[in-house]
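Q: The amino acid sequence is not available; the structure is as follows:
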């Protein structure tokens, strides 16, 4: 064959491959139109880079075997779980907010539960003081799951408390994300815990990059923070197991977190999510822990519902929850989040809230540990501010708290950010709650952040240089790809 024929054949093969990737992007399920368009643009304009990137990051792929394992575990846990976790519950919710909890129930099948007490923590050391005290008082089980666990003061305190509990006969199980906690897994505390009888598991083991397309994407992570002690105490919030100084990213410190300590039947729902994660990565059958749960009839207290999302749950689950909450606001909506790269639906919902007269407040960190997210986030400011949303940036550390409050009565706390990573790629856990007193305490802390923050108004946005606007918008345009 002549040189020209070989070149023509190579060109034909290249075009066929390019068309294959374009078709794959078009046919990939559960992807927004903007995401499809972004991928197709990358594949057509930068073929070699675009196709390689799609192989690595185009599909939400955790690997066929892992996906099958998760689905089997989820089905088994759901089948064996106590009916008390999943049945009824609507009558304990104010009629104005039942639709919100129905959205929550549609995600994991878990019902809103009454009879809980709750204590919010806004200081990192106070969080871990309470947690260590609860572990030291544990009698039967201690279950800990963190995305990041650092070998620092608080990380060491919790590890040592876990070892003390294991040595006195408590069943202690520790799960960390294999990427987020890679330093801790390599530390002496990890091996010391195993020697002390603590059962340890790393979630979503990182594979060599060449196995990435087959075994699953390396950037699909377990971002959850779950603590369950003796089936009656549960912690949910934004804090990793680490000091506020967060020494791996010290220049952005302190990390500013919100965690709520719950006591009551809601802990069994946190156990439900933990059991799924644990059984997906080990051969232990923990379903007896959730098969005999009773809930007190009637009673007062915080109404709460656990919401666990991730790549093995429907792709729209987390954005649907956020959108429902935003649309439910009638007087006031306050959101804190470190990472803001919204879906089109969430951006539209926020703008609609501002335009209909709801006091809509967004508080984000002034300095973000991700320059990509920082640029993308600010590309959304002009539309938000024009719609009447009040946008603030917090200067005193990385505002890492993930909180959303509605009309002083409803709150969502947990690990999920308002970004596409939390929506599509990460395993997240949150608690949706109805309680005026608890929500008021969270709102009061949101107002503390607000008082320390700088408002980004229309005048400041107008002063941004053209180059900065172009940069922000260019990064945001790639948000559906990233």
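A: Happy to help now that I have it. If you're wondering where the values come from, they're calculated on a predicted model, not measured in any experiment.

Q: Give me the spatial nearest neighbour of residue 378, chain neighbours excluded.
A: residue 472 (4.9 Å; CB to CB, 6 or more residues apart in numbering). (C-beta placed from N, C-alpha, C; glycine too.)

Q: so how far is residue 96 from the one you found?
A: Residue 472 is 38 Å from residue 96, where distance means CB to CB, to the nearest Å.

Q: So if I had to pick from the two, which one is more boxed in?
A: The residue with more neighbours, out of residue 472 and residue 96, is residue 472; 20 against 13, by other CB atoms under 10 Å.

Q: what about the more buried one, which helix or strand?
A: helix 466-477 (DSSP states H and E).

Q: Name the residues of that helix that are buried.
A: The neighbour-count check on helix 466-477 (16 or more other CB atoms under 10 Å) flags 472, 475, 476 as buried.

Q: for stretch 37-46, same thing?
A: So, applying 16+ other CB under 10 Å, buried residues of stretch 37-46: 37, 38, 39, 40, 41, 42, 43.

Q: can you give me how far stretch 195-208 is from the chain middle?
A: 21 Å (CA atoms, centre = their mean, to the nearest Å).

Q: Could you list the residues in contact with that stretch?
A: 62, 66, 145, 162-163, 166-167, 171-179, 181-182, 185, 190, 193-194, 215-216, 218, 220-222, 277-278, 281-282, 284, 427 (CB atoms under 8 Å, 6 or more residues apart in numbering).

Q: Mind doing that once more with 6 Å?
A: 162-163, 166-167, 172-179, 185, 193-194, 215, 218, 222, 281-282 (CB atoms under 6 Å, 6 or more residues apart in numbering).

Q: how close does the residue nearest to residue 293 when sequence neighbours are not counted sit to residue 432?
A: Among residues not flanking residue 293 along the chain, residue 82 sits closest, at 3.8 Å (CB to CB, 6+ apart). Separation of residue 82 from residue 432 (CB to CB): 20 Å.

Q: re the thing from before, the buried residues of stretch 37-46 in helices, which ones?
A: 37, 38, 39, 40, 41, 42, 43 (DSSP state H).

Q: Quick one: residues contacting the fourth one.
A: This means residue 40. 22, 25.

Q: Please repeat the previous calculation with a cut-off of 8 Å.
A: Contacts of residue 40 by CB under 8 Å, 6+ apart are 22, 25, 26.

Q: hang on, the earlier thing: list phi and psi for the residue nearest to residue 293.
A: phi -60, psi 140 (degrees, to the nearest 10).

Q: For the stretch 351-482 of the chain, give me the ranges with low pLDDT.
A: 479-482 (pLDDT under 70).

Q: Mind jotting down where the strands sit in it?
A: 359-365, 390-394, 398-399, 403-406, 410-414, 418-419, 428-434, 454-455 (DSSP state E, counting those that start in this stretch).

Q: Out of those strands, which is closest to residue 51?
A: strand 418-419 (25.4 Å; CB to CB).

Q: ok, residues contacting that closest one?
A: Contacts of strand 418-419 (CB under 8 Å, 6+ apart): 322, 335, 337, 339, 340, 341, 342, 346, 373.

Q: now the residues you listed as TSV including neighbour count, secondary structure and distance to residue 241?
A: Shown next, in TSV, are the contacts of strand 418-419 (neighbours: other CB atoms under 10 Å; DSSP: H, G, I helix; E, B strand; the rest coil; distance: CB to CB, whole Å):
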residue	neighbour count	secondary structure	distance to residue 241
322	26	helix	26
335	23	strand	25
337	25	coil	21
339	23	coil	20
340	25	strand	25
341	27	strand	26
342	25	coil	28
346	21	helix	29
373	23	helix	23
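
Q: got a list of what residue 427 touches?
A: Counting by CB under 8 Å, 6+ apart, the residues that residue 427 touches are 203, 221, 222, 223, 224, 277, 308, 309, 310, 311.

Q: same thing with residue 473?
A: Contacts of residue 473 (CB under 8 Å, 6+ apart): residue 379.

Q: what's the spacing between it and residue 376?
A: Distance from residue 473 to residue 376, by CB to CB: 9 Å.

Q: How about residue 156?
A: Taken as CB to CB, the span from residue 156 to residue 376 is 35 Å.

Q: same check, this time on residue 399
A: 17 Å.

Q: When those two are compared, which one has more neighbours?
A: Set residue 399 next to residue 376 and count neighbours by other CB under 10 Å: residue 399 wins out with 29 against 26.

Q: my read: the more buried one touches residue 363, true?
A: Yes. Using CB atoms under 8 Å, residue 399 makes contact with residue 363 at a distance of 6.4 Å.

Q: Please enumerate the shared neighbours of these two.
A: Joint contacts of residue 399 and residue 363 (CB under 8 Å, 6+ apart) are 336, 449.

Q: picking up where we left off before, just the ones in helices from the contacts of stretch 195-208, please.
A: Per DSSP H, these map to helices at 162, 163, 166, 167, 185, 193, 194, 215, 281.

Q: count of residues packed around the residue nearest to the fourth one when sequence neighbours are not counted?
A: Nearest non-adjacent residue to residue 167, counting by CB to CB, 6+ apart: residue 196, 5.8 Å away. Residue 196 has 16 neighbours, counted by other CB under 10 Å.

Q: Could you do the one 5 residues further on as well?
A: By other CB under 10 Å, 17 other residues sit near residue 201.
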